[in-house]
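> Kindly return the folded structure for what I paste below:
(chains A and B)
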Amino acid sequence: MIDSELQSGEIPQPPEPAPDAEKKNVLVTPSGEEIDMSILGTMKIDPKGGGTSKNANRLASFKYGVAGLLYLLKREQSIQLATAVTVITIVVGFWLNIPSFYWAMITLGLGAVWITEALNTAIEATIDLSTDEIHPMAKIGKDVASTASLLAVIVFLTVVFFTLVPRILDQLNG
Amino acid sequence: MARLQLPKSKEMLDSITGTMKINPDVYSPITSTSRLSSFGYAVAGWLYMLRRQKNTRIQAVASVIVMGIALWLQVSLTEIALLVIAITLVWMAEFFNAAVEAAVNLATSDLHPMAKVGKDVASAAVLLGVVAAIIVGLLVLAPPLLARLGLIV
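Alright, predicted model coming up:
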């Protein structure tokens, strides 16, 4: 396992070995805390110690989810485009009278697109929060998060190609 | 809508291949050295979610119930595959939500507007996943379930 000290990560520096490197599976932070690095170690961390707020009930989680969705619909151009694509796909689906199996596949494809767009936006916000400067790791975070969205779009287009496109061609050929 | 621009000049090509040239090892204090340890961290994260997040435990129970109903109704293998993908989508969104929450908590202790955006939008991803999973679940399971219960013939 890796035994190295936590660093701020601002300046490129090679990782230094921990003070007591003989201790196995233990990461010692600069503040002297010991982190259990075994598989069961993460489970023992209480997020209430690190978090500023914690949801009290399921209803509150749902409320935050809706708040995030409204933000996306108002601010994100890609989500507005995704909404338009979703509406068009639903209309085309009803026009072609596709079976429920196809509906399920299209739902999963569109779901993946929406989820990755939302997570992309969330990661962008997190990166903007963590640093004001232009940092290479910020670029990696944002670029790779948007790659996830791109991959989901490719998956959705593949689903559309195999489900809707043959039926549209049939319909147009009569 | 932005027009898709193909790399015409060397500058354009450089801007696309730029990310590829960044070595994350230079900036990250800890990087996974072996495939086995990556797997170990994934299991550690999974155990954390089951231990600390009530939503994940609810999802675990719901996933088992859905798979149980699917097996009881003897739906086809392709329909089980659809259900597995839908369940996985929700789990993935939930785990990313927790990861983004942890990253936001790590980045600041203040109540910052962008922290709210990050956390709310990440939980919106879970909501979207749940909506997609419910639609797929109804499409796949509702007709055979109603038939089994004798509500439709």
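
> for the chain, which spans come out with low pLDDT?
Defaulting to chain A. A:1-24, A:49-57 (pLDDT under 70).

> that's the other chain; I wanted chain B
Ranges of chain B meeting pLDDT under 70: B:1-8, B:29-33, B:152-153.

> in which helix or strand would I find the most centrally placed residue in it?
By C-alpha atoms, centre = their mean, chain B has its centre lying nearest to residue B:92, at 1.9 Å. When elements are defined using DSSP states H and E, residue B:92 is found to belong to helix B:77-107.

> which helices and strands sit right next to that helix?
Helix B:77-107 is packed against helix A:47-50, helix A:100-130, helix B:35-52, helix B:54-73, helix B:113-149, with contacts defined by 3 or more C-beta pairs under 8 Å, 6 or more residues apart in numbering or on different chains; DSSP states H and E. Just so you know, the C-beta spots here come from the backbone N, C-alpha and C atoms, and that holds for glycine as well.

> Save the ones you listed as CSV, and put in distance to residue B:10 and mean neighbour count too.
Shown next, in CSV, are those (distance: least, C-beta to C-beta, whole Å; neighbours: other C-beta atoms under 10 Å in any protein chain shown):
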stretch, distance to residue B:10, mean neighbour count
helix A:47-50, 45, 10
helix A:100-130, 28, 24
helix B:35-52, 36, 15
helix B:54-73, 48, 14
helix B:113-149, 35, 21
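
> and of these, who's closest to residue A:167?
helix A:100-130 (8.5 Å; C-beta to C-beta).

> what separates the closest one from the chain centre, distance-wise?
7 Å (C-alpha atoms, centre = their mean, to the nearest Å).

> Is chain B within reach of that helix?
Yes. Judged by C-beta under 8 Å from any C-beta of the partner chain, helix A:100-130 comes into contact with chain B at A:100-101, A:103-105, A:107-108, A:110-112, A:114-116, A:118-119, A:121-123, A:125-126, A:128-130.

> got the angle for the next helix or strand along the chain from that helix vs helix B:77-107?
Per DSSP H and E, the first helix or strand lying C-terminal to helix A:100-130 is helix A:136-173. Relative orientation of helix A:136-173 versus helix B:77-107 (axes from the mean of the first three to the mean of the last three C-alpha atoms, to 10 degrees): 150 degrees.

> Now do helix A:136-173 against helix A:100-130, angle only.
Using the same axes, to 10 degrees: helix A:136-173 against helix A:100-130 is 160 degrees.

> in helix A:136-173, what's buried?
Using 16 or more other C-beta atoms under 10 Å in any protein chain shown as the test for burial, helix A:136-173 gives A:136-138, A:140-142, A:145-146, A:148-149, A:152-153, A:156, A:159-160, A:163-164, A:167.

> That one near chain B at all?
Yes. Judged by C-beta under 8 Å from any C-beta, helix A:136-173 comes into contact with chain B through A:136, A:137, A:139, A:140, A:143, A:144.

> residue contacts, the last one?
With contact taken as C-beta atoms under 8 Å, 6 or more residues apart in numbering or on different chains, residue A:144 is in contact with residue B:19.

> Distance of it relative to residue A:71?
Look at residue A:144 and residue A:71: by C-beta to C-beta, to the nearest Å, they are 22 Å apart.

> just checking, residue A:35 is part of a strand?
Yes. Counting by DSSP: H, G, I helix; E, B strand; the rest coil, residue A:35 is located in a strand.

> Check whether whichever strand or helix holds residue A:81 comes near chain B.
Element membership of residue A:81 [criterion: DSSP H and E] is helix A:77-96. Yes. Using C-beta under 8 Å from any C-beta, helix A:77-96 reaches chain B at A:77, A:81.

> what comes into contact with that helix?
Contacts of helix A:77-96 (C-beta under 8 Å, 6+ apart): A:72-73, A:102-103, A:106, A:110, A:113-114, A:117-118, A:121, A:149, A:160, A:164, A:167-168, A:171, B:1.

> hmm, 6 Å instead?
A:72, A:73, A:110, A:113, A:114, A:117, A:167 (C-beta atoms under 6 Å, 6 or more residues apart in numbering or on different chains).

> Show me chain A divided up by domain.
Domains of chain A are assigned by automatic domain parsing as A:2-43, A:58-173.

> Which helix or which strand is home to residue B:151?
Judged by DSSP H and E, residue B:151 forms part of no helix or strand.
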